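*Asks:* For reference, the sequence and a predicted model appear below.
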Amino acid sequence: MSKADQNEQIRNMTALLKARLSKKRFTHSVNVARAAFALAERWGADTQKAYLAGLLHDCCKELPFSEQEELMRGGPFAVSETEWLCKPVWHGIAAASFMHAELGIDDMEVLSAARWHTVGHANMTKLEEIVYMADLISADRTYRDVERFRKMAQNDLDKAMLCAFEWAIESVLKKETPLPVTTVEAYNFYLKKIADRTDTKSKSAEHKK
């Protein structure tokens, strides 16, 4: 797709969202797209894909659960038993299905970034990580830890992902709602990744002595 075609696609998707979403949700979507673009620049990912996935990640957030379920059942992604029990995460899967079926987006990297932006999973792609973090640190977010996450996302993406999953798990436990297995697996993955990284650095330092 040419640059002109990409820009036209973004304009069309933005107009669609403006008509489809509440003002608050539309503002959030644009903010996530901008945050995803900036993170993609910082970490060497495709900025256009990051912007598009960030823009559309919540395109089904305000649909009735019955419509979200219909999209999920007809979509290209498997849904775990735990995810079926946790309706607040449905919109990410529904969004990916809507993007694929109704918007003609067939780039699996973009679709996956929308699908996993609520629950995450182990060994996420760079684009999935970026959209996950962009959703957490967008300009409209005002929760207590947001500034810490914003700084971390610029300095150490692995550590930011670990802390984000720790924060997400704590939030779910407080609400006493089902916790998707992939979220726990994601936490364990980044915990090990950082531990392995630290171990490698220590061995390298020892070798230089």
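*Replies:* Looks like it arrived, so ask away. Residues are numbered from 1 along each chain as shown.

*Asks:* When you work out contacts or count neighbours from here on, use the C-alpha atoms and nothing else.
*Replies:* OK.

*Asks:* quick one: the helices in the chain?
*Replies:* For the chain, helices defined by DSSP state H occupy the ranges 3-20, 23-43, 47-56, 65-74, 81-85, 90-101, 108-115, 126-137, 146-155, 157-175, 181-208.

*Asks:* Next, format these as TSV and append mean neighbour count and mean pLDDT.
*Replies:* Converted to TSV, those look like this (neighbours: other CA atoms under 10 Å; pLDDT from 0 to 100):
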stretch	mean neighbour count	mean pLDDT
helix 3-20	14	89
helix 23-43	21	98
helix 47-56	26	96
helix 65-74	16	97
helix 81-85	14	94
helix 90-101	26	97
helix 108-115	24	97
helix 126-137	26	98
helix 146-155	16	96
helix 157-175	16	94
helix 181-208	14	82
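
*Asks:* So Asp58 versus Lys174, what's the distance?
*Replies:* 24 Å (CA to CA, to the nearest Å).

*Asks:* same question, Ala168
*Replies:* Relative to Lys174, Ala168 is positioned 10 Å away (CA to CA).

*Asks:* Please apply the same query to Gln154.
*Replies:* Remark: distance between Gln154 and Lys174 (CA to CA) = 28 Å.

*Asks:* cool, Leu157 as well?
*Replies:* 26 Å.

*Asks:* Lys159 too?
*Replies:* 23 Å.

*Asks:* just Asn123 next, same as before
*Replies:* Distance from Asn123 to Lys174, by CA to CA: 26 Å.

*Asks:* Likewise for Cys59?
*Replies:* In terms of CA to CA, Cys59 sits 27 Å off from Lys174.

*Asks:* Next: Ser97.
*Replies:* 30 Å.

*Asks:* Also Ser80?
*Replies:* 22 Å.

*Asks:* Then Lys49?
*Replies:* For Lys49, the distance to Lys174 - CA to CA - is 34 Å.

*Asks:* Dump stretch 144-153 to PDB, restricted to CA.
*Replies:* Extracted in PDB, the C-alpha atoms of stretch 144-153 (Å, rounded to 0.1, in the frame of the first residue of the first chain):
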ATOM      1  CA  ARG A 144      -2.100   7.100  39.600                       C
ATOM      2  CA  ASP A 145       0.700   5.100  37.900                       C
ATOM      3  CA  VAL A 146       0.300   6.500  34.400                       C
ATOM      4  CA  GLU A 147       3.300   8.800  34.500                       C
ATOM      5  CA  ARG A 148       5.500   5.900  35.700                       C
ATOM      6  CA  PHE A 149       4.300   3.700  32.900                       C
ATOM      7  CA  ARG A 150       4.900   6.500  30.300                       C
ATOM      8  CA  LYS A 151       8.500   6.900  31.300                       C
ATOM      9  CA  MET A 152       9.100   3.200  31.500                       C
ATOM     10  CA  ALA A 153       7.600   2.700  28.000                       C
END
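
*Asks:* tell me the contacts of the residue lying closest to Ile105 once chain neighbours are set aside?
*Replies:* Of all residues not flanking Ile105 in the chain, Met99 sits nearest, at 5.6 Å (CA to CA, 6 or more residues apart in numbering). Residues in contact with Met99 (CA atoms under 8 Å, 6 or more residues apart in numbering) are Leu56, Ile105, Leu111.
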